[in-house]
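# after the sequence you'll find the predicted model.
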Amino acid sequence: MKRLTLAVDAMGGDFGPCVTVPASLQALASHSHLVLLLVGDPDILSPFLAKADSSLVGRVQVIPAESVIASDARPSIAIRQSRGSSMRIALELVQEGRAEACISAGNTGALMGLAKLLLKPLDGITRPALMSVLPHQHRGKTVVLDLGANVNASSEMLVEFSVMGAVLAEEVLEISQPRVALLNIGQEETKGLETIREAAAILRATPQINYIGYLEGNDLLTGKTDVLVCDGFTGNVTLKTMEGVVRVFLSLLKSGDETKRSWWLRWLRLLGRWIQKRLSRRFGHLNPDQYNGACLLGLRGTVIKSHGSANQQAFAVAIRQAEQAVRRQVPQRIAARLNTVLARSDKA
């Protein structure tokens, strides 16, 4: 299998190298074809690599960086002061062709702005969107975007997100005529913001898009649509609310009921454990750690944004997402079809 080189912003996120370096080593152990460029302060990164297996460290190169973009920094200021930062250098490695993708858990606004500046959007795309493929209750997948790259989105941007999501669902997930829906506060055509209603009108008049109408937030995991589109503010709040609920649900399944101490209730505890195992097998695929990593869709290169609070397992999943996006040639596939679809939409 062909070697893949990925650039990792090893300093980004809430925990920095404490998570990113062990996760990188975990990814290297699982994928023998990976080479990782860890961007950060060598003095901080080296101790995490010192005790690692030499066969893994041999596929790691530390790229020095002078600074880190703070998670709470204003994106405009962070971008102006980004030279020498671990995030910018990781993106520059992709820009220069030294790496095929970048993974960062750092400041979302700064990552969006720098990626757009350095890698450039595809023709026909106003602004890239953060996209993730979420599992639903029928064990299928739903493409959801935008998840936080654009707090506000015009009707034209929502249409572009719809096109990108539909192309990805068809080309990568191999879903024929993927269903596209807009996230809204109701299913009636008169409800929602003006931008959403305008986008809906455009999509209804676009035969190349299989638009099915509005869906509400409670349909996120039902599998009623293959592509769910919204602005970044709504998408980010929706995603994190869902993840919080799922984490609480899964934690309840794992915790035993210590209040039942009477011997005659032991059989109830055994029954409860059996139910817990069944439910864990049924809903364990919804664990947020298993799908961490949102692709910044609409760029000429591959950029994966991890949750800032990701643990080692979740960040390793984000690295795997980057590897899969490169293998599946996501930017190239979208670019190949995007102009054609948008041109037909304009004529319609």
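Nice, thanks for sending it over. Numbering: from 1, shown residues only.
# chain center to stretch 313-324, what's the gap?
Here the centre of stretch 313-324 is set off from its chain's centre by 10 Å, with C-alpha atoms, centre = their mean, to the nearest Å.
# and stretch 136-149, by the same measure?
10 Å.
# in the host helix or strand of I202, what counts as buried?
Counting by DSSP states H and E, the element that carries I202 is helix 194-204. Applying a neighbour-count criterion of 16 or more other C-beta atoms under 10 Å, the buried positions in helix 194-204 are 195-197, 199-200, 202-203. Glycine gets a C-beta too; all of them are placed from N, C-alpha and C.
# ditto for stretch 134-142
134-136, 141-142.
# kindly check the end-to-end length of it for me.
From its first residue to its last, stretch 134-142 covers 5 Å (C-alpha to C-alpha, to the nearest Å).
# before we move on, what about stretch 301-315?
Taking C-alpha to C-alpha, the first and last residues of stretch 301-315 lie 20 Å apart.
# pLDDT of that stretch, averaged?
Model confidence over stretch 301-315, given as mean pLDDT, is 94.
# report the buried residues of that stretch.
Along stretch 301-315, the positions that meet the burial threshold by neighbour count (16+ other C-beta under 10 Å) are 301-307, 310-312, 314-315.
# likewise for stretch 172-183?
By neighbour count, and taking 16+ other C-beta under 10 Å as the criterion, the buried residues in stretch 172-183 are 172-173, 175, 178-183.
# run the chain-centre distance for that stretch.
For stretch 172-183, the distance from its own C-alpha centre to the chain's C-alpha centre is 17 Å (C-alpha atoms, centre = their mean).
# give me the residues contacting it.
Outside stretch 172-183, the residues within contact range by C-beta atoms under 8 Å, 6 or more residues apart in numbering are 133, 141, 143, 158, 162, 165-166, 169-170, 192, 196, 199-200, 203, 209-217, 224-230, 234-235, 238, 328, 330, 333.
# whichever of those end up buried, select them in ChimeraX.
Restricted to the buried members of the contacts of stretch 172-183, where burial is judged by 16+ other C-beta under 10 Å, the ChimeraX selection command reads as follows:
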select :133,141,143,158,162,165,166,169,170,192,196,199,200,203,209,210,211,212,213,214,215,224,225,226,227,228,229,230,234,235,238,330
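# what about the contacts of stretch 172-183, which are in helices?
Mapping the contacts of stretch 172-183 onto helices (DSSP state H) picks out 158, 162, 165-166, 169-170, 196, 199-200, 203, 234-235, 238, 330, 333.
# single out whichever of the residues you listed has the smallest pLDDT.
Across the ones in helices among the contacts of stretch 172-183, the smallest pLDDT goes to R333, namely 84.
# what's it in contact with, if anything?
The neighbours of R333, taking C-beta under 8 Å, 6+ apart as the test, are 167-168, 171-172.
# can I get the residues you listed in CSV with pLDDT and distance to G124?
Shown next, in CSV, are the contacts of R333 (pLDDT from 0 to 100; distance: C-beta to C-beta, whole Å):
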residue, pLDDT, distance to G124
V167, 88, 11
L168, 88, 15
E171, 82, 16
V172, 82, 19
